[in-house]
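Asks: I'll drop the sequence and a predicted model, then ask my questions.
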Amino acid sequence: MIKFIFILFFVVVNILTAQVNFSGSLVSSFGKSKNSFNFFENRININSDWNNWTAWFEMEHSNPPELGRKIIGLRKMRFEYQSNRFAFKLGNIYEYWGNGLIFNMLDDQSIDLDTGVKGALISYANDFVNLEYLYGKQRSWRSTIHAPEFDERIPNYRTNYTLNGAKASFDISDILYDFYLLDVNNKDLKPIIMPNENISNELNSLLYGHSINYSFRNIDSDYHYVTNVEKDGSGHNFNSHIFLNDLSFSLSVKDYFFNKLSPYDRWDHINNPDGVLFFQQMPTVNKTHSSLYLNRITHQTDYNDELGLSITIEKQNANNGSFIFNYSQSSRHTEWENRLNQSAVLEWGIKKYTKLPSLEWQFNPFKELYFEINGYYRSKLFYQISYTDSYDVTDIFSSIYAQSSHAYSYEAVEARTLPVLLTYELNAINSINAQLEYQILKKGIYSLNSAIQNASENFGSSFSENIQTNKFVSIGFSKSPKWSISLNIDNTNTEDILILEKKRNNNFIETLLNPVFDKSLTWSNIDIVLNVFNSTQLSFTYGSQRGGVLCSNGICRYVQSFENGFKFGITAAF
């Protein structure tokens, strides 16, 4: 009722005034497949401004959405007032403090991630200082295996934070200094495995931090720090960029240490809420990839316990392109081992620490080497060719030290990936597009049983074969700005045993390609995009899409395959 009154009031005010502007957008998508991956999403955004006031409303009718819980009605709304010195926001607020170390409020529908708050923000600014005060409640749904009723598509756990914070920014010549203070109350329902043992926890956190940004000629640098005063956790992030004509250097460093969690509890933030908070979406300090296969093996950042660095060198070349080199490396601060407690039961304990990123598997290391060259050939052919060599220890299952032996088991992912992107312009409006990717992937468990004399390390693949070879081919034609069409083929030589045991629902494209690509291990589809008007786009997809891990903003989740179906979408602005 209160929401309705707010909307009615704003509409009436706008009708009674002449200086009013409206704009908006519509996003609608429908999908239906043979394996019941069905969805129907509709979102309408309406924006309005009147003098110093603006308003934003988002209505949604998603039943069911592609990812997330069913929503029918008003999803978001915000009112804003802006003058020369003062600003005020009321409603659903999305802010970014401390480069994400304090909070990073975002709404990423691709992975159903929403870290915004519902509350108020007031600010004052002059030429020297900018002051902000924020109060709000953060209620977001998360998917986790550590709470009852886990589902791949529907989140099963709701956060319950109350935020009360202040920010002061000072502009001093080439230096910008920010100071932050945030009080957080977490009225958390802690699902301790057994539903009948649920207990309510009220946890308080006090975050203090600061940021320093410095710019001088061809150098830009920024440093960010936050500490949880009551929990004794902290985070550091440093970034520096140097520009020398056609050459640039970048260095990013992270050091996040908010909680000490064993390999068993590492990803269980629900039953271990004392560490990093859900809205602290900090820089991953890894290179972000647009490649299909690289995205599927994206390193999942452990915001509670991870330190690392990323170095990038970029050189502009004569073909309106560039050469890019990137090296990223990270690990945990802690090595854990299994020990016998007083009851003669094995439990996890910290063996040692490291202050620099380690490549020893005991510290869950990640490293990635990336090369890219891009540019134009004779002004007609655009090319982007890259190569990536990556290694990631994702889980540690056991690590038992004896006097002269070490028994262990851990999971690692090794990959070499070659993505190629080509676009050839036939004329001013017609072009041929190709995306080719090739990947050699080794994923599985390495183990050693020291109880066996002269034992050697064993490897057990996650697939039916030791090495997975992935091949992706996309060939398309576009007539700008009217329409485009593409054929996409995703093929592999092996898969996880559980996936192989599932019955495939092949479409006619996969059946037609079967002599060349094994249809039991091929997912193919046709995409058509039509720009009906300047502000309206229609999209149609028929076929199948392979399931896998989807990562965004350092958060990864598994998305099931879409088998032998069709998708239809509309995007319009008005």
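Replies: That came through, no problem.

Asks: Going by residue numbers, what spans are helices in the chain?
Replies: With DSSP state H as the criterion, the chain has helices at 2-15, 292-296, 497-501, 508-513.

Asks: Can you tell me which helices and strands the last one packs against?
Replies: Just to be clear, that refers to helix 508-513. Counting contacts by 3 or more CB pairs under 8 Å, 6 or more residues apart in numbering; DSSP states H and E, helix 508-513 packs against strand 522-533, strand 536-545. (C-beta placed from N, C-alpha, C; glycine too.)

Asks: what angle sits between the longest one and strand 536-545?
Replies: Angular relation of strand 522-533 and strand 536-545 on a 0 to 180 degree scale: 170 degrees, by axes from the mean of the first three to the mean of the last three CA atoms, to 10 degrees.

Asks: Buried residues in strand 522-533, which are they?
Replies: For strand 522-533, a neighbour-count test (16 or more other CB atoms under 10 Å) marks 522-527, 529, 531 as buried.

Asks: a markdown table please, covering those and showing pLDDT and distance to residue 370.
Replies: Putting the buried residues of strand 522-533 into a markdown table (pLDDT from 0 to 100; distance: CB to CB, whole Å) gives the following:
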| residue | pLDDT | distance to residue 370 |
| --- | --- | --- |
| 522 | 95 | 28 |
| 523 | 96 | 26 |
| 524 | 97 | 28 |
| 525 | 96 | 28 |
| 526 | 97 | 31 |
| 527 | 97 | 27 |
| 529 | 96 | 30 |
| 531 | 94 | 34 |
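
Asks: farthest pair in those residues?
Replies: Greatest spacing in the buried residues of strand 522-533, by CB to CB: 522 and 531 (30.2 Å).

Asks: contacting residues for the residue in the chain sticking out farthest from the centre?
Replies: The outermost residue of the chain relative to its centre, with distances by CA atoms, centre = their mean, is residue 453 at 44.9 Å. Under the criterion of CB atoms under 8 Å, 6 or more residues apart in numbering, residue 453 has no contact partners.

Asks: Residue 260 now?
Replies: For residue 260, the contact set (CB under 8 Å, 6+ apart) comprises 305, 334, 350.

Asks: Against residue 348, how distant is it?
Replies: Distance of residue 260 to residue 348, given as CB to CB, to the nearest Å: 10 Å.

Asks: One more: residue 119?
Replies: Residue 119 sits 39 Å away from residue 348, going by CB to CB.

Asks: ranges for the strands of the stretch 451-574 of the chain?
Replies: Secondary structure of the stretch 451-574 of the chain by DSSP state E, counting those that start in this stretch: the strands cover 458-461, 468-479, 483-492, 522-533, 536-545, 548-552, 555-559, 562-573.

Asks: what's the pLDDT at residue 466?
Replies: On the pLDDT scale, residue 466 is placed at 94.

Asks: how about it, phi and psi?
Replies: phi -70, psi -40 (degrees, to the nearest 10).

Asks: what about it, distance to residue 362?
Replies: 24 Å.

Asks: repeat for residue 145
Replies: For residue 145 relative to residue 362 (CB to CB), the value is 25 Å.

Asks: now swap in residue 338 and tell me
Replies: From residue 338 across to residue 362, the span is 12 Å (CB to CB).

Asks: now do residue 58
Replies: Distance, residue 58 to residue 362, using CB to CB: 47 Å.

Asks: same deal with residue 525?
Replies: Applying CB to CB to residue 525 and residue 362 gives a distance of 42 Å.

Asks: next one: residue 397
Replies: Distance, residue 397 to residue 362, using CB to CB: 12 Å.

Asks: Looking at these two, which is more packed in?
Replies: Taking neighbours as other CB atoms under 10 Å, residue 397 and residue 362 compare with residue 362 leading, 22 against 13.

Asks: What sits closest to that one if chain neighbours are left out?
Replies: Nearest residue to residue 362 in three dimensions, chain neighbours excluded: residue 335, at 4.3 Å (CB to CB, 6 or more residues apart in numbering).

Asks: Count residues in the vicinity of the residue found closest to residue 130 once you drop the neighbours it is linked to in the chain, would you?
Replies: The shortest distance from residue 130 to any non-neighbouring residue, by CB to CB, 6+ apart, is to residue 169 (4.1 Å). Neighbour count of residue 169, defined by other CB under 10 Å: 18.

Asks: ditto for residue 498
Replies: 7.

Asks: Verify the contact between residue 129 and residue 172 for me.
Replies: No - using CB atoms under 8 Å, residue 129 is not in contact with residue 172, being 10.1 Å away.

Asks: Counting neighbours, go ahead and name the busier of those two.
Replies: Legend: neighbour count by other CB under 10 Å for residue 129 and residue 172, higher for residue 129 (11 against 8).

Asks: Now do the contacts for the more buried one.
Replies: Contact analysis of residue 129 by CB under 8 Å, 6+ apart lists 168-171.

Asks: quick one: which of those has the most company?
Replies: residue 169 (18 neighbours).

Asks: quick one: it and residue 127, what's the gap?
Replies: With distances taken as CB to CB, residue 169 is found 12 Å from residue 127.

Asks: Which positions in stretch 252-267 come out as buried?
Replies: Residues 252-263, 265-267 are the ones in stretch 252-267 that count as buried (16+ other CB under 10 Å).

Asks: all strands of the stretch 151-300 of the chain, in order?
Replies: Per DSSP E, counting those that start in this stretch, the stretch 151-300 of the chain carries strands over the ranges 157-158, 161-172, 175-190, 199-216, 219-228, 233-244, 247-257.

Asks: quick one: strands adjacent to the last one?
Replies: Strand partners for strand 247-257, identified by DSSP bridges, are recorded as strand 233-244 (antiparallel), strand 305-316 (antiparallel).

Asks: Kindly report the same for the first one.
Replies: Paired strands of strand 157-158, with direction, are strand 141-142 (antiparallel) (DSSP bridges).

Asks: likewise the longest one?
Replies: According to DSSP bridges, strand 199-216 has the following sheet partners: strand 175-190 (antiparallel), strand 219-228 (antiparallel).

Asks: go on, the second one?
Replies: According to DSSP bridges, strand 161-172 forms sheet pairs with strand 129-138 (antiparallel), strand 175-190 (antiparallel).

Asks: Now do the shortest one: distance to the chain's middle.
Replies: The reference is to strand 129-138. Here strand 129-138 is found 25 Å from its chain centre; the criterion is CA atoms, centre = their mean, to the nearest Å.

Asks: Help me confirm that residue 180 comes into contact with residue 97.
Replies: Yes - checked against CB under 8 Å, the pair residue 180 and residue 97 is within contact range at 5.5 Å.

Asks: Any chance you could list residues touching both of these two?
Replies: Listed as contacting both residue 180 and residue 97 by CB under 8 Å, 6+ apart are 165, 167.

Asks: What part of the chain, helix or strand, is modelled with the least confidence?
Replies: The weakest-scoring helix or strand in the chain, judged by mean pLDDT, DSSP states H and E, is helix 2-15 (a mean of 53).
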